[in-house]
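Asker: need coordinates for the below:
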Amino acid sequence: MVDAVAIAAVSEMKPARYPDKDGHALYIEVVRQLLAEWHLKPGDIQGLLACPAGMAGGGNADIFVHEQLYEELGIHPLYGDTMNAGGATYGYMVQRAALAIRQGLADSVLCIGAGKFPKVSTGGAEMMARMVSHEAFEFPYGTFIPAIYAQVATRHMHEFGTTAEQFAEVAVSSREWALRNPQAATYGTEPLTVAKVRASRPIATPFHLYDCSIPLEGGAAILVANASVAKRIARQPAWLLGMGEYHSHRNIHQAADLMDIGCGRAGRMAYERAGLGPGDMQFAQIYDAFSVNPLVFMEELGLCARGKGGAFFASGATRPGGDFPVNTYGGLLSFGHTGDASGLSMIVEGARQVMGIAGDRQLPRADIGVVHSYGGMMSEHSTLILGRQS
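Answerer: The predicted structure follows:
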C-alpha cells in the first residue's frame with residue numbers, strides 16, 4: 001500500500017460500570033485521558049470520526065456525536081462523520097481515515113468511541129434481539145443473541161468434531177492474558193480452567209457463562225496519521241500495511257454458510273494489499289463476543305488449518321509463552337465488552353503491541369500482526385494488518 005499511514009496514538013478507559021456517566025460523559029473522559037497520555041496539539045486532529053452514543057442499546061442514539069466533540073475540542077475538522085457498523089465500526093473508521101489521509105483530505109484523523117452496554121435483565125435482551133433479528137423470520141421464534149452464536153458453534157462441532165471443552169480453551173487463554181493486563185476487568189481474579197468454564201452457568205448450548213463476553217462500559221481513541229505526523233507523535237508508530245472489508249448478510253438466516261461467514265474474504269484483501277500472508281503474522285487480536293469467534297476466525301484468516309481451531313487453542317499456542325498469541329489484552333471475554341466501543345479494544349491492543357507499549361504482556365515478537373473485528377451477527381468484517389515497518 002502506497003502513502004504510509006499509521007496509528008500514532010491510542011488510549012482506552014478501563015472497562016467498568018459507570019453509573020454516573022452517560023454516553024457523552026464517557027466520550028469526554030476518553031478525550032481527557034487521550035490528551036493526558038499523549039502530547040497532542042489541536043492541529044494534530046484534522047479529522048474526526050465518532051460512533052453514535054447509545055448504538056448498542058438499539059434505542060435513541062446521538063447521531064451527531066462528531067459535531068459535539070469537535071465543538072468541545074475547539075477544532076474545525078477538515079474531515080468528519082458519525083458512523084455505525086456495530087463492532088466493525090472502528091475497523092472501518094481506521095480504513096476510512098487512511099483513505100482520507102491518502103487523498104490529502106487531512107493529515108490526521110481521530111477515531112473515537114464510547115458508550116454503555118444495556119443490562120439484559122431490564123428488557124435489554126429483547127431490545128437487542130429486535131435490533132439484530134428479522135422481524136418476521138427470526139424474532140417471533142424467540143431470538144436470543146447467545147443462541148445465534150451457538151448455532152455457529154454447533155455447526156462447527158458437527159462438521160469438524162470440535163468439542164465444548166475446546167471452546168472453553170478460548171476463554172482460558174483470554175483469561176491468562178487478562179491476568180497480565182491491569183486494565184482488564186478480570187485482572188487480579190483467579191485463572192480459568194476448562195472445568196471451571198464448563199461448570200459455570202449454562203447460557204445457550206454449548207456456551208456457559210465464561211464462554212460469553214463481559215458486558216461493561218468504557219471507550220477508547222485511536223489517532224490515525226500520515227508519516228510526518230505519526231513519526232513526530234510516536235517513537236514507534238503502528239503502520240497500516242493492509243486492510244480489507246466485506247459485508248456478508250443482514251440477518252443470520254441469510255448467511256449462505258456458517259463456516260464461511262465473511263471474515264476470510266476481508267482477511268484475504270488485507271493480506272493481498274499488504275503483500276503478506278497468514279504465515280507472516282506474529283499475533284492476532286480478534287473480536288470475541290463469544291468463545292466461538294476466535295476459534296472459527298483463526299481458521300478463516302488462514303492462521304490455522306480449517307477445522308483445527310479447537311485443537312489449536314487446546315495446544316496452548318495462543319496463551320502467554322505460546323507460538324501464536326491471540327487477544328493479548330484479555331479479549332472481550334476477560335478484558336470486557338464495552339458496548340458501543342467494543343470494536344476498539346482489539347485495534348488498540350494490536351497497535352500497542354506493534355508500538356512496544358503493552359507493558360507486562362508485551363510480546364517478544366510483534367513486528368507484524370492482524371486485527372479482525374465484525375459487526376452485527378457476524379455480518380460485516382474488517383481486517384487490519386499492522387507492522388513496525390512502513
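Asker: give the other helices and strands that the lowest-mean-pLDDT helix or strand in the chain contacts.
Answerer: For the chain, scoring each helix and strand by mean pLDDT, DSSP states H and E identifies helix 124-132 as the least confident one, at a mean of 73. When contacts are defined as 3 or more Cβ pairs under 8 Å, 6 or more residues apart in numbering; DSSP states H and E, helix 124-132 packs onto helix 145-160. To be clear about C-beta, it is placed using only N, CA and C from the backbone, and glycine gets the same treatment.
Asker: CA atoms of the helix or strand just after the helix it packs on as PDB?
Answerer: Per DSSP states H and E, helix 145-160 leads on to helix 164-178 as the next helix or strand towards the C-terminus. The C-alpha coordinates for helix 164-178 follow below in PDB (Å, rounded to 0.1, in the frame of the first residue of the first chain):
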ATOM      1  CA  ALA A 164     -17.400 -27.700  24.100                       C
ATOM      2  CA  GLU A 165     -14.100 -28.200  26.000                       C
ATOM      3  CA  GLN A 166     -12.200 -26.700  23.100                       C
ATOM      4  CA  PHE A 167     -14.400 -23.600  23.000                       C
ATOM      5  CA  ALA A 168     -13.700 -23.300  26.700                       C
ATOM      6  CA  GLU A 169     -10.000 -23.300  25.900                       C
ATOM      7  CA  VAL A 170     -10.500 -19.900  24.200                       C
ATOM      8  CA  ALA A 171     -11.900 -18.400  27.400                       C
ATOM      9  CA  VAL A 172      -9.000 -20.000  29.400                       C
ATOM     10  CA  SER A 173      -6.400 -18.400  27.000                       C
ATOM     11  CA  SER A 174      -8.100 -15.000  27.200                       C
ATOM     12  CA  ARG A 175      -8.100 -15.000  31.000                       C
ATOM     13  CA  GLU A 176      -4.400 -15.800  31.200                       C
ATOM     14  CA  TRP A 177      -3.700 -12.700  29.100                       C
ATOM     15  CA  ALA A 178      -6.100 -10.600  31.200                       C
END
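Asker: would you mark the buried spots in helix 164-178?
Answerer: For helix 164-178, a neighbour-count test (16 or more other Cβ atoms under 10 Å) marks 164, 166-178 as buried.
Asker: contacts for the helix or strand just after that helix next, please.
Answerer: Moving toward the C-terminus from helix 164-178, the first helix or strand encountered (DSSP H and E) is helix 194-199. Residues lying outside helix 194-199 but in contact with it, judged by Cβ atoms under 8 Å, 6 or more residues apart in numbering, are A164, E165, A168, E169, A171, V172, H208, Y210, D211.
Asker: any idea how far the closest residue to the second one other than its chain neighbours is from A168?
Answerer: Right, the one you point to is E165. In this structure, E165 finds its nearest non-sequential neighbour in V194, 5.2 Å apart by Cβ to Cβ, 6 or more residues apart in numbering. From V194 across to A168, the span is 4 Å (Cβ to Cβ, to the nearest Å).
Asker: what does S228 give?
Answerer: As it turns out, when the distance is counted by Cβ to Cβ, S228 lies 47 Å from A168.
Asker: swap in E272?
Answerer: Distance, E272 to A168, using Cβ to Cβ: 35 Å.
Asker: returning to what we had before: just give me the neighbour total for the residue nearest to E165.
Answerer: For V194, the neighbour count with other Cβ atoms under 10 Å is 18.
Asker: cool, D3 as well?
Answerer: As a measure of burial, D3 has 12 neighbours, counting by other Cβ under 10 Å.
Asker: contact partners for the spatially closest residue to F335 that is not a sequence neighbour?
Answerer: With Cβ to Cβ, 6+ apart as the measure, A184 is the residue that lies nearest to F335, at 4.5 Å, once sequence neighbours are left out. When the contact criterion is Cβ under 8 Å, 6+ apart, the partners of A184 are P15, W177, A178, Y329, G330, S334, F335, G336.
Asker: most neighbours among those, please name it.
Answerer: Top of the contacts of A184 by neighbour count (other Cβ under 10 Å): F335, with 33 neighbours.
Asker: surely it meets A185?
Answerer: Yes. The criterion here is Cβ atoms under 8 Å, and F335 meets it with A185 at 6.4 Å.
Asker: which neighbours do the two have in common?
Answerer: With Cβ under 8 Å, 6+ apart as the test, F335 and A185 both reach P15, A178, I214.
Asker: closest to V354 among those residues?
Answerer: Distance ranking of the shared contacts of F335 and A185 against V354, using Cβ to Cβ, places A178 first at 20.1 Å.
Asker: what does the pLDDT read for the closest one?
Answerer: A178 carries a pLDDT value of 98.
Asker: give the closest residue to it in space, chain neighbours not counted.
Answerer: Distances taken as Cβ to Cβ, 6+ apart place G330 nearest to A178, at 2.9 Å, with adjacent residues excluded.
Asker: all strands for the stretch 201-350 of the chain, in order.
Answerer: Secondary structure of the stretch 201-350 of the chain (DSSP state E, counting those that start in this stretch): strands located at 202-204, 207-208, 218-226, 238-247, 284-286.
Asker: relative to S382, which of those is closest?
Answerer: Each of the strands of the stretch 201-350 of the chain was checked against S382 via Cβ to Cβ, and the shortest separation belongs to strand 238-247, namely 5.6 Å.
Asker: quick one: strands adjacent to that closest one?
Answerer: Using DSSP bridges, strand 238-247 pairs in its sheet with strand 5-12 (antiparallel), strand 380-387 (antiparallel).
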